[in-house]
Structure formats: C-alpha cells, structure tokens
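Undergrad: attaching a predicted model along with its sequence, questions to come.
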Amino acid sequence: MKILVEKFGGTSVGSIDRIKAIAKKVIAAQERGYQEVVVVSAMGNTTDDLLSLAEQIATKPRHRELGMLLSTGEVISCSLLAMAIQALGKKAISLTGAQCGIVANGIHTDAKIENIDTTYLKKLLAQGEIVVVAGYQGKSGDDIAVLGRGGSDASAVALAAALQSEYCNIYTDVKGVFTADPRIVKNISLLHGISYEEMIELAASGAQVMMGRAVEIARKYGLKVKVSSSFEDSSGTVITKEDQLEKVVITGVAANKNVVIIDIFGIKVSSDITAKILHRIAEKQINIILMNSNNAGNQINNLSLVVKPEYVDDIIEILNWFNNESRIDHYQVKNDVAQVSIVGSGIANHYGVAYEMFDTLSKNGIEVLMTSTSEIKITALIPREKADLAVIKLHEKFELDNLQRNLMEKDGC
Ligand code: ASP
Ligand code: MG
C-alpha cells in the first residue's frame, strides 16, 4: 500500500469545525487507497500566544523551556484531530514528534531534524491506523526541541522522505505559491510549478508560504511537494526539479522585514580577525543571512552582516569583546531595514536583470544599502518603510502579473 504524508497548517486546524472538516478530508484520502500520516501545526495563533505567555514571565527564557512550551501547541491539534477521525468511525492515533521517532538536534527552539526511526510509525500504519503527528518538534537527547517557526513543514517533508511517500501534500490557507505576497501586490499569478532552488530562495527572502529548510530536505531526497489550499479546491503549486518545469526568467519577488544589518568597521589585521569574529558567531549557532566583506587597505577590513533581530544581542556581546581588545574600530546596528529579492532560475542566463532591478528601485526613490547576488537571486537591502513599494514596483517591472509557470507534464501529484 502506498503511503501519503499530508500536512495541515495552523489556519487549516484553527477551530473545532475546521478540525472536523480536515478529519473528513483525511479519511477521503485513506479511501483512495493510501496509508495516511497527517502532520499538523498548532491551532491558529497558538504558538504566538504561547510565546507571549513566556515573555510575561522572563525576557530571555531558557531555550530548553521555550521548546517544551512551544511543542505543546501541536500536541493539542494532533490529539484533537485523532479524536475527530475516531468520531467518524475510523482508526486514528496521535503522536508527539518524539513518540514518532523524530530526532532533532541544535538549539531547543531552532533544532534540525537529524533522523527518524520509523519503526513504531510503520507498525501503526500496518495496523490500519491513520497516524496524526504533532509537527514542529522532535526528541533532542533526553529533551524536547522545536524546529524553528514554520517547522511543521519540515516535519512533514522529512517524514515523507523517510517513509518514501509518493509526494508530500502541504495544505495551507492560500491556493499555492504566488509571484508575490497577495497582501502586498494585487495582480499576482499562481505558479503551477517552482523549482526547489527558487522556493528555497523565495522562502529565505521572506515568502512565508513554506519553510525553506523543509524545501531543502525535499530537494535532498528528490521528493515532490504540493502546496495547496485546504479551504478550496485548487491545483496548487508543485515544488520539483527545475528540468520538470517550463522556463521563465523571474518567478517571484519577496521581502523580508525581519532583518537587521550590523556594520563592523576597521577590523584590524583583516581576514584573520574577520574569521575569528565569524567563528565566534558560528559557535553561538547564529545563522548569517547575508554578508559583505571589503578590504579597506592597510590590512583593515569592513564587514556587514544581515541577521534576524533576535541574534543582535549575542553578536553585540561578541563585538564588544573584539572592541575591548582593540581589534575592531566600531560597529553600528541598522534596525529599520528590509531585504527585497527577485528570484528566478533564468537570472544566470540573462544579462541586464540586475540593471533593471536597481534602475527600478532608484527611479522609485528607494535607496540601496547593501546587495548580494547568486545564480538565481538578486537581493537589495533597503529602508524598511519602502519594502512594500519595492515589491510592487519590481513585480510590475518584471511583468509577473501575467506569468505562466507550468509543469512540463502533469503527474500524479
Ligand atoms: N506552530 C509553529 C509556528 O507557528 C510551527 C508551524 O506552524 O509550522 O511556527
Ligand atoms: Mg507555515
């Protein structure tokens, strides 16, 4: 029997009525002949609510306790969904990530899945159970850890890979992946297909439809992922290999407002100290989103880092140490910035794309503070209050309102 892994996001299980509706959907898939594993997120805004409870108690609670707390949101939705399926007369069982054999290591609030022991899961499937798994979590040593925001996507994709599911269905509250955020741009296009690489870049650039790390897992295992709405019927978006898609230059534009720039000036004896600074940052398991380093002559380096705001305190602590040792001259933190990116697998083979992007930004009075390019992405750091304007103007410039990105051939997905 074929296995199918399906994941339902927070709004899809946001109320008792929604959970009852999802139970019917899950049973329908079982009736099409699948052994079903269902991964769920926490109901609605539960994770934010739990975070705010913690904040009322401590400004910097321990990651371990936060992980414990945050993992409970998904435990609520998975047990309720299992009950809803049982109430319709079918066999179902709920499991926490740890019970399901998911091992996740790293910071307790941003852990990464290391492996999955599927023994218990397979035994339950063989007994005809629909297995409902709490997403976003795993066992870390003797502890419980969560996977970082949006992490239920990673749970689902990793389970689908481990169980060799035909593909992984991600149900959310939008029809699929669009050329831009529907809340910012009016005339967006639904992409029928997008490559793993493009989706990873779009997620890193602020598109919230799917967690980038989950797409990395899918790419590693060549697993197709379909993103579609649990509220209405739509063909959705299939995330797959580039060669299975029609060619386009730009697939999307996204902005990430949740970033800060840290500029470090006058790093003495240049690259040696630069490496030491980066080493100390890596030791704290801080992820650097973007980095620019330039040599100012006389063995002096300047370095700019783009990171998530929650890491700024830790980095400042590191930089103060280097400052006290007279290894750097000074640093500054720029808070009011955003990262805007255009993404597309055609960027590498087309000239003029960067010119068109920067020309559009400058014509609209948008100052560029820092840039970075890769084969499939061009990013500009700009003032945060201009982020939406930049997205709208770039979407218009690259004519994404009318984009058709199709799969070369329809498959079973
Ligand atoms: N509930 C977690 C979050 O809100 C994980 C998820 O929804 O995927 O980030
Ligand atoms: Mg999500």
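TA: Great, that's in hand. Ligands and ions are numbered 1, 2, ... in the order given.

Undergrad: ok, the lengthiest strand in the chain: who's next to it in the sheet?
TA: Longest among the strand segments of the chain by residue count, using DSSP state E, is strand 252-267. Sheet pairing of strand 252-267 (DSSP bridges) gives strand 301-307 (antiparallel), strand 330-343 (antiparallel).

Undergrad: touching ligand 1 at all, that strand?
TA: No: shown here: strand 252-267 not in contact with ligand 1 (C-beta under 6 Å from any ligand atom), separated by at least 13.0 Å. To be clear about C-beta, it is placed using only N, CA and C from the backbone, and glycine gets the same treatment.

Undergrad: rounded mean pLDDT for that strand, please.
TA: In this model, strand 252-267 has an average pLDDT of 96.

Undergrad: gap between it and the chain center?
TA: 18 Å (C-alpha atoms, centre = their mean, to the nearest Å).

Undergrad: list the buried ones in that strand?
TA: The neighbour-count check on strand 252-267 (16 or more other C-beta atoms under 10 Å) flags 252-256, 259-264, 267 as buried.

Undergrad: what residues does the stretch 101-250 of the chain put near ligand 1?
TA: Contact residues, the stretch 101-250 of the chain versus ligand 1 (C-beta under 6 Å from any ligand atom): 135-136, 149-153.

Undergrad: and His395, helix, strand or coil?
TA: helix (DSSP: H, G, I helix; E, B strand; the rest coil).

Undergrad: state the distance from it to ligand 2.
TA: The gap separating His395 from ligand 2 is 22 Å, by C-beta to the ion, to the nearest Å.

Undergrad: and stretch 234-241, end to end?
TA: Taking C-alpha to C-alpha, to the nearest Å, stretch 234-241 runs 21 Å from one end to the other.

Undergrad: and Ala29, that's in a helix?
TA: Yes: under three-state DSSP, Ala29 sits within a helix.

Undergrad: and the residues of the stretch 101-250 of the chain next to ligand 1 as CSV, adding secondary structure?
TA: Conversion of those to CSV gives the following (three-state DSSP):
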residue, secondary structure
Gly135, coil
Tyr136, coil
Arg149, coil
Gly150, coil
Gly151, coil
Ser152, helix
Asp153, helix
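
Undergrad: list just the nearest of the buried residues of strand 252-267 to Glu246.
TA: Gly252 (14.9 Å; C-beta to C-beta).

Undergrad: show the subsequent helix or strand relative to the longest strand of the chain.
TA: Using DSSP states H and E, the next helix or strand after strand 252-267 towards the C-terminus is helix 270-283.

Undergrad: show me what the mean pLDDT comes to for that following helix.
TA: Average pLDDT, helix 270-283: 90.
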